[in-house]
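Asker: Please work out how this folds:
(chains A and B)
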There are 2 protein chains.
Amino acid sequence: MKIIIVGATGTMGQHLVSVLEKEHQVIRVASQGGDIQADITSTASIENMFKQAGEFDALISTAGPTFVGPWKKLDDTAFRSGVEGKMMGQINLVLIGQHYINPKGSFTLITGALTEEPQRNFANASAANGAVEGFVRGAAIELENGIRINAVSPTVIENSPQYFPYFPGEIPTTMAELEFAFRKSIFGAQTGQIIKTW
Amino acid sequence: MKIIIVGATGTMGQHLVSVLEKEHQVIRVASQGGDIQADITSTASIENMFKQAGEFDALISTAGPTFVGPWKKLDDTAFRSGVEGKMMGQINLVLIGQHYINPKGSFTLITGALTEEPQRNFANASAANGAVEGFVRGAAIELENGIRINAVSPTVIENSPQYFPYFPGEIPTTMAELEFAFRKSIFGAQTGQIIKTW
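Answerer: Next up is the predicted model:
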């Protein structure tokens, strides 16, 4: 299977590349480094990335910039970080990528527990996650040719301990749990699902 | 209680004005007509609206433009309809309005069943709804001075029969059910909740 991993150089992406490339052809996409560079906040850059990657069977995204910081600094401008990044960036990967993906292919986006379990400093991520989850449900009934779409929703990631203080009470998602959630989406048959590790 | 109703001239807004103005001071806000005109896709227009309205105790929003139409026409540009309208429009009502609302006041935004129960042609609304619901949860733990925030999530509205064909299987939300959901948010004590009529 040919799998595009967007966010391939991040903490989640690196792990997913390492386990999936043993069995599959992996195309690593990142803003810097990787096999193809792309800026997911630009539809032109996304289109160019798909042209370079060619036909594929699955796309995984772990790319999700959002504004993290004090509520008092969260104004319209700050909010756009998550709108353009984790929300529209991932949504455009699907809206554009549907024209390049093989029949019966799959898209798997990243959200997170913050949709339902808020934490201070992360209201922008809660909104972006919620948007992506709503989109996944709406897109699943529209995509044609057997193309599926799901989201993986982890808590704070085991390999990102610097974030642990911001997520009191959250049991970290292990790298294995994260990997298995993506495997369920890529190799399973469900669509329109939010696959939670919690 | 002084209540601002944004979207006051729409189907939902008209009903809420008619029942709430019997007992409360209601400020009707709409893009055209009403007591104050505002374009919720403009932060300057929202700011100006709050300056005109003055201090208030509750804000209700029923304003939610989104792209409704065939999936094949849903590109980044079309998607912005719901992003700027139902999503950022409502979010900015809170981010800006928090500086004008009285202590112990409340914000009540509008989402809808499409977040979890998608229908064809409405993926943009599913995403916008999901964003607003995530934001409501994230904002509820950040707002100070006892200010609360909730969303009301109806199905297709009883008084909008032109939409019934797009919502097969959805039992329409009656105007009374809609009103009671808003009453629970305005006059109750909960915060961070999605109040469903379904």
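Asker: With just CA atoms, put the helix or strand containing A:A128 into CSV.
Answerer: A:A128 belongs to helix A:123-140 when assigned by DSSP states H and E. Extracted C-alpha coordinates of helix A:123-140, given in CSV (Å, rounded to 0.1, in the frame of the first residue of the first chain):
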residue,chain,number,x,y,z
ALA,A,123,-9.8,26.4,23.4
ASN,A,124,-8.4,27.0,19.9
ALA,A,125,-7.5,23.3,19.6
SER,A,126,-10.9,22.2,21.0
ALA,A,127,-12.6,24.2,18.3
ALA,A,128,-10.3,23.0,15.5
ASN,A,129,-10.7,19.4,16.7
GLY,A,130,-14.5,19.7,16.8
ALA,A,131,-14.5,21.1,13.2
VAL,A,132,-12.4,18.2,11.9
GLU,A,133,-14.6,15.7,13.7
GLY,A,134,-17.8,17.2,12.3
PHE,A,135,-16.2,17.3,8.8
VAL,A,136,-15.2,13.7,9.0
ARG,A,137,-18.8,12.7,9.7
GLY,A,138,-20.1,14.9,6.9
ALA,A,139,-17.5,13.9,4.4
ALA,A,140,-17.9,10.1,5.1
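Asker: Now do that helix, average pLDDT.
Answerer: Here helix A:123-140 scores 98 as its mean pLDDT.
Asker: by contact count, what packs against the following helix or strand past it?
Answerer: Note on helix A:123-140: by DSSP H and E, the next helix or strand toward the C-terminus is strand A:148-153. If contacts are counted by 3 or more C-beta pairs under 8 Å, 6 or more residues apart in numbering or on different chains; DSSP states H and E, strand A:148-153 sits against strand A:101-110, helix A:123-140, helix A:175-187, strand A:194-196. (Each C-beta comes from the backbone N, C-alpha and C, glycine too.)
Asker: Out of these, which is the most enclosed?
Answerer: Mean neighbour count (mean count of other C-beta atoms under 10 Å in any protein chain shown) peaks for helix A:123-140 among those, with a mean of 29.
Asker: just to revisit the earlier point, off-centre distance for the helix holding A:A128?
Answerer: 11 Å (C-alpha atoms, centre = their mean, to the nearest Å).
Asker: what packs against it?
Answerer: helix A:76-82, helix A:88-97, strand A:101-110, strand A:148-153, helix B:123-140.
Asker: now the angle between strand A:101-110 and it, please.
Answerer: 150 degrees (axes from the mean of the first three to the mean of the last three C-alpha atoms, to 10 degrees).
Asker: can you give me the angle helix A:123-140 makes with helix A:88-97?
Answerer: Angle of helix A:123-140 versus helix A:88-97, following the same axes, to 10 degrees, is 20 degrees.
Asker: hmm, back to that, dump the helices and strands packed on helix A:123-140 to TSV, plus distance to A:D57.
Answerer: TSV is the format used below for those (distance: least, C-beta to C-beta, whole Å):
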stretch	distance to A:D57
helix A:76-82	29
helix A:88-97	12
strand A:101-110	5
strand A:148-153	11
helix B:123-140	23
